[in-house]
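> Have a look at this prediction, sequence included:
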Amino acid sequence: MFLRGVVVGFSIAAPVGPIGVLCIRRSLASGMRMGLAVGLGAATADAAYGCVAGFGLTAISGFLQAQKVWLALLGGAFLCYLGVRTWLSEPAQQAANVRGDHYLTSYLSTFFLTLTNPATILSFIAVFTAFGVGLSSNYSGAAWLVFGVFIGSAIWWLILSGSVGAFRSRISVTRMRWINRMSGALLFLFGVLALGESVWTLTLK
């Protein structure tokens, strides 16, 4: 169950979406450790949703599905804010001496942002059901599966932040500025799409 969880966590984390863009941008701007803090926030949120699915907490999953439009609105607005801030930010010309609280802020903000996408839980429910875990009483298997999900997701974010951080010193200030612009535009686009989908859903109701 643990090894299956590792594969599931890695597979769910690997597609490059808004969190991936944020991890890449932070790794370039402040180094591998900052990018890893972003990734671990996402991995923790994945594990949290894995717990909801794996332990069959149907009341919580039902609440999240009932509120998914409002959560998407909140997440979309937050992505737009991050996009604008990233677009306007000037690249640092040397590695910053980042304090621990900055790592914690990046971790918590990414954890919150990942949680605003409750559709993730559907992936976990489908996979966990295929593994025979979830709504059954196999709590031990579910626990190992959830732990594997966290480790698999964390492995992906370590690979991504490490590989991007390794090339950070070779990127000029001008290129960093364009990376900021492109990253900001992508984050803002993801936010607008989330807001548009949420507004469309509300109008259909």
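Received it, and whenever you're ready, just let me know what you need. Residues are numbered from 1 along each chain as shown.
> wait, what's in contact with N180?
For N180, the contacting residues are 25, 29, 86-87, 89-91, by CB atoms under 8 Å, 6 or more residues apart in numbering. Where C-beta positions appear, they are placed from N, C-alpha and C, glycine not excepted.
> What about those, which one has the most neighbours?
Comparing the contacts of N180 on neighbour count, R25 comes out first with 25 neighbours (neighbours: other CB atoms under 10 Å).
> Which residues are in contact with the residue nearest the centre of the chain?
What sits nearest the mean C-alpha location of the chain, by CA atoms, centre = their mean, is A42, with 3.6 Å. A42 makes contacts with 13, 19, 23, 110-111, 114, 153, 157, as judged by CB under 8 Å, 6+ apart.
> helices and strands of the chain: which one bottoms out on pLDDT?
In the chain, no helix or strand scores lower on mean pLDDT, DSSP states H and E than helix 58-66, which sits at a mean of 58.
> one step back: among the contacts of N180, which are in helices?
Using DSSP state H, 25, 29, 86-87 are the members of the contacts of N180 that sit in helices.
> From those, which shows the smallest pLDDT?
Ranked by pLDDT, these bottom out at T86, which has 75.
> So that one sits against M182, correct?
No - checked against CB atoms under 8 Å, the pair T86 and M182 is beyond contact range at 9.3 Å.
> can I get the contacts of A42 in JSON lines with pLDDT?
Listed next are the contacts of A42 as JSON lines, based on pLDDT from 0 to 100:
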{"residue": "A13", "pLDDT": "76"}
{"residue": "I19", "pLDDT": "80"}
{"residue": "C23", "pLDDT": "86"}
{"residue": "T110", "pLDDT": "87"}
{"residue": "F111", "pLDDT": "90"}
{"residue": "T114", "pLDDT": "82"}
{"residue": "S153", "pLDDT": "87"}
{"residue": "W157", "pLDDT": "90"}
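> out of all of them, which helix in the chain is the longest?
What stands out as the longest helix in the chain, according to DSSP H, is helix 173-204.
> That one: how far from the chain's middle?
15 Å (CA atoms, centre = their mean, to the nearest Å).
> What residues sit buried inside it?
176, 179-180, 183-184, 186-188, 190-191, 194-195, 198 (16 or more other CB atoms under 10 Å).
> Arrange the ones in helices among the contacts of N180 in TSV, one row each, with distance to V149 as further columns.
What follows is the ones in helices among the contacts of N180, written out as TSV (distance: CB to CB, whole Å):
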residue	distance to V149
R25	25
A29	28
T86	28
W87	33
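> If we only consider those residues, which is nearest to G50?
R25 (26.2 Å; CB to CB).
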